[in-house]
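> all I have is the shape, not the residue letters:
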Ligand SMILES: Nc1ncnc2c1ncn2[C@@H]1O[C@H](COP(=O)(O)OP(=O)(O)OP(=O)(O)O)[C@@H](O)[C@H]1O
């Protein structure tokens, strides 16, 4: 909380070593999909022997449109448990601890999911909810007690109150900004970069999503939403890296709908990575995770 008469103090999140925010200037560009898959790719990071792999979690800060419950097949879970000290215990699927407003909202009448429960709140209540999600979750492994090495935060789209609150209150180690190649999305990328710079959050880099589609019949890459050149130019203008260019792959969307993130699909089976562009998507995501890990290890 801001102290009376003094500057706002940034804090670390309890039991979390590093924090990465995944943000976008505009909605619907694939930010949540990237956040979840980045978390798995960091957790499976090739540099680590299986026993030394980092503990990674995901926090969904999209209060008004939480996507993590669906992407993680956790839509119908019961309300999270509390520790003896009253902290919220994350919900786990596929081995990944997650927390989202979607787990704390009451279920919509006649359903066993909160997906259709509208959130109609005023600013102060949103601030309170964000602070609770940030500071009142116990990310420790309930069995071994180990802390979280990396928390990936799925931000709400845009440059509203939530990203500002996060940047002002929390020591965020880096932000990844996701965009598609359309002009309108790029304009918002510029706003996002400026906002994080204003609250002194280092930018790891920009990530271009749905940069191209590989034709299933002729294997030619097509730029469906515009040329990546403008995106690269925007990154260069701000002096930030382009972390990668992810193709549009139907299996990525199917995986999200089924609650099985694409990073978990194996590369040598018929489960979807035979999609045109599937291997390129996976290799790019692994390389992005590698760059994020290097950034965090500086
Ligand atoms: N590379 C990709 N290939 C195919 N589909 C994708 C890809 N990236 C995202 N999608 C699909 O695009 C849709 C939007 O993605 P997502 O929900 O992750 O976006 P978002 O930016 O988080 O949206 P919101 O602003 O609503 O939070 C989803 O259906 C997702 O499965």
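In hand now; what should we look at? Model, not experiment: these values are computed from the prediction.
> okay, buried residues for the longest helix belonging to the chain please.
Ordering each helix of the chain by length in residues (DSSP state H) puts helix 278-296 first. Neighbour-count burial for helix 278-296 flags 278-282, 284-286, 288-293, 295-296 (criterion: 16 or more other C-beta atoms under 10 Å). (Glycine included, C-beta is placed from N, CA and C.)
> ditto for stretch 145-163
Buried residues in stretch 145-163, counted by 16+ other C-beta under 10 Å: 148-159, 162-163.
> would you format those residues as CSV with distance to the ligand included?
CSV is the format used below for the buried residues of stretch 145-163 (distance: C-beta to the nearest ligand atom, whole Å):
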residue, distance to the ligand
148, 22
149, 24
150, 19
151, 17
152, 13
153, 12
154, 7
155, 9
156, 7
157, 4
158, 9
159, 13
162, 12
163, 13
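> is any part of the helix or strand where residue 175 lies close to the ligand?
For residue 175, the host element (DSSP states H and E) is strand 174-179. No: using C-beta under 6 Å from any ligand atom, no contact is recorded between strand 174-179 and the ligand, whose separation bottoms out at 6.8 Å.
> what mean pLDDT does the very next helix or strand once past that strand have?
On the C-terminal side of strand 174-179, the closest following helix or strand by DSSP H and E is helix 183-198. For helix 183-198, the mean per-residue pLDDT is 83.
> and helix 183-198 with strand 174-179, angle?
Angle, helix 183-198 to strand 174-179, by axes from the mean of the first three to the mean of the last three C-alpha atoms, to 10 degrees: 170 degrees.
> how near is the residue nearest to the spatial centre of the chain to residue 23?
Residue closest to the average C-alpha location in the chain (C-alpha atoms, centre = their mean): residue 35, at 2.4 Å. Counting by C-beta to C-beta, to the nearest Å, the separation of residue 35 from residue 23 is 9 Å.
> and what of residue 156?
Using C-beta to C-beta, residue 156 is found at 9 Å from residue 23.
> how big is the angle separating the longest helix of the chain from strand 174-179?
Put simply, helix 278-296 runs at 150 degrees to strand 174-179, going by the same axes, to 10 degrees.
> which elements pack onto helix 278-296?
Packed against helix 278-296 by the contact rule (3 or more C-beta pairs under 8 Å, 6 or more residues apart in numbering; DSSP states H and E) you find strand 16-23, helix 31-43, strand 174-179, strand 203-208, strand 242-245.
> returning to that earlier point: out of the buried residues of helix 278-296, who's nearest the ligand?
For those, the minimum distance to the ligand (C-beta to the nearest ligand atom) is 6.3 Å, reached by residue 281.
> for the closest one, which non-adjacent residue is closest in space?
Closest residue to residue 281 apart from its sequence neighbours, by C-beta to C-beta, 6 or more residues apart in numbering: residue 249 at 4.8 Å.
> what's the burial count for that neighbour?
23 (other C-beta atoms under 10 Å).
> is the strand or helix carrying residue 98 anywhere near the ligand?
Using DSSP H and E, residue 98 falls within strand 96-100. No: for strand 96-100, no contact with the ligand is found by C-beta under 6 Å from any ligand atom; the gap never falls below 11.7 Å.
> list the neighbouring strands of that strand plus their orientation.
Strand 96-100 pairs in its sheet with strand 56-60 (parallel), strand 91-93 (antiparallel), by DSSP bridges.
> hmm, who's touching the shortest one?
If I follow you right, that is strand 91-93. By C-beta atoms under 8 Å, 6 or more residues apart in numbering, the residues outside strand 91-93 that reach it are 72-74, 77, 80, 97-99, 103, 259.
> counting neighbours, which of these comes out on top?
Each of the contacts of strand 91-93 was scored for neighbours by other C-beta under 10 Å, and residue 99 scores highest at 28 neighbours.
> okay, now the nearest residue to residue 247 once chain neighbours are set aside: neighbour count?
Of all residues not flanking residue 247 in the chain, residue 277 sits nearest, at 3.8 Å (C-beta to C-beta, 6+ apart). Residue 277 has 23 neighbours, counted by other C-beta under 10 Å.
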